[in-house]
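Peer 1: Build me a model from this:
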Amino acid sequence: MGMNLSSDETLPCRWAPAEDALYRAYHDHEWGVPEYDPRALWEKLQLDGMQAGLSWITILRKRDAIREEFDSFIPEQIAMWDQERIEKALSNPGIIRSPAKIKATIGNARAFLDMQEKGEDFSEWLWSFTGGAPIVNQLREITEVPAKTPLSEEIAKALKARGFKFCGPVIVYAFMQAVGMVNDHETRCPRHGEIQELHS
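Peer 2: Next up, the predicted model:
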C-alpha cells in the first residue's frame, strides 16, 4: 500500500464518532495516553467504577460536575467524608447518585492512602504489572477488543486484596485502556502510532 492509504485506512477508532465533539476530543487527547501520576490514576479508576452499568459517554458528560462534587478527587479529602457529606453528594443531580458507588469511592480513597502509608506508590505499583511500559496491541477492529484479560483479572484481584471496590476485571481493563497501560487504538488510527512514539 505504501503511501497510498485511503482515508478509511487512517481514520480514528470507530467508537469515537466525529459528530460527538466531546467523545472525539477524549479519544484524540486522553484515551490511551500513558498516565503516571498516582492521583490521576486513582481518579480515573473511580470514574471507571462509576461507569459500571452505564456508558462511558454518560460519565464523560458528567465528569466536570463529578470532579467538583468529589473534591477534585483528592483522596485525603474524600477519605474523611461522613454520612452528611454523602447525603450532600446524593442531592447533586449532576453526578451518578449511587450510594454504593459513593461509599466505594470513600473506601477506595482510604485504600489509596493505606498503600501510600505503607510506602507503595499507586502508580509504580500499577505499572509494575506491565513492566513499566504500555502493552501495544495490534487491533484492526474495535470488535477485537476483549472485555477483560488474564492481566486485568490479576490486577482486579490485587486491588480487591488492598480494599478497593468497583474494580472488577472488566472495569480494570477499561481503565488500563484509558490510562495507556495497553494501547488498544485500532492500528489504522493515527493515535496508535502517535502513542507508541511516546515510548520509542
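
Peer 1: Could you use CA atoms for every contact and neighbour count after this?
Peer 2: OK.

Peer 1: okay, the spatially most central residue of the chain: pLDDT?
Peer 2: Most central residue of the chain, judged by C-alpha distance to the mean C-alpha position with C-alpha atoms, centre = their mean, is Phe175 at 3.3 Å. pLDDT for Phe175: 98.

Peer 1: what sits against it?
Peer 2: Neighbour list for Phe175: Lys44, Leu45, Asp48 [criterion: C-alpha atoms under 8 Å, 6 or more residues apart in numbering].

Peer 1: Check which helix or strand it maps to.
Peer 2: Counting by DSSP states H and E, the element that carries Phe175 is helix 169-178.

Peer 1: can you dump the C-alpha coordinates of that helix into PDB?
Peer 2: Listed in PDB are the C-alpha atoms of helix 169-178, where the atom choice follows Å, rounded to 0.1, in the frame of the first residue of the first chain:
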ATOM      1  CA  PRO A 169     -11.700  -7.300  35.700                       C
ATOM      2  CA  VAL A 170     -13.900  -5.600  33.100                       C
ATOM      3  CA  ILE A 171     -13.700  -2.200  34.800                       C
ATOM      4  CA  VAL A 172      -9.900  -2.700  35.300                       C
ATOM      5  CA  TYR A 173      -9.400  -3.500  31.600                       C
ATOM      6  CA  ALA A 174     -11.300  -0.300  30.500                       C
ATOM      7  CA  PHE A 175      -9.100   1.600  33.000                       C
ATOM      8  CA  MET A 176      -6.000   0.000  31.500                       C
ATOM      9  CA  GLN A 177      -7.000   1.100  28.100                       C
ATOM     10  CA  ALA A 178      -7.800   4.600  29.200                       C
END
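
Peer 1: any idea how far that helix is from the chain center?
Peer 2: Average the C-alpha atoms of helix 169-178, do the same for its chain, and the two points are 6 Å apart (C-alpha atoms, centre = their mean, to the nearest Å).

Peer 1: same thing with stretch 75-92?
Peer 2: Between the mean C-alpha location of stretch 75-92 and the chain-wide mean there is a distance of 22 Å, by C-alpha atoms, centre = their mean.

Peer 1: And it, end to end?
Peer 2: Start and end residues of stretch 75-92 are separated by 20 Å (C-alpha to C-alpha, to the nearest Å).

Peer 1: Going by neighbour count, which residues of that stretch are buried?
Peer 2: Within stretch 75-92, the residues that qualify as buried by neighbour count (16 or more other C-alpha atoms under 10 Å) are Pro75, Ile78, Ala79, Trp81, Ile86, Ala89, Leu90.

Peer 1: all helices for this structure, in order.
Peer 2: Assigned by DSSP state H, the chain shows helices spanning 21-29, 38-51, 56-69, 75-78, 83-90, 99-117, 122-127, 150-161, 169-178, 190-197.

Peer 1: any idea of the mean pLDDT in the fourth one?
Peer 2: The reference is to helix 75-78. Helix 75-78 shows a mean pLDDT of 98.

Peer 1: Can I get the helix or strand of the chain with the lowest mean pLDDT in CSV? Just the C-alpha atoms.
Peer 2: Using mean pLDDT, DSSP states H and E, the weakest-scoring helix or strand in the chain turns out to be helix 190-197, at a mean of 93. Below are the C-alpha coordinates for helix 190-197, written out as CSV (Å, rounded to 0.1, in the frame of the first residue of the first chain):
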residue,chain,number,x,y,z
PRO,A,190,-3.3,7.8,13.9
ARG,A,191,-3.3,7.7,17.7
HIS,A,192,-2.0,4.1,17.7
GLY,A,193,1.4,5.2,16.3
GLU,A,194,1.5,8.6,18.0
ILE,A,195,1.1,7.0,21.4
GLN,A,196,3.7,4.3,20.6
GLU,A,197,6.2,7.1,19.7
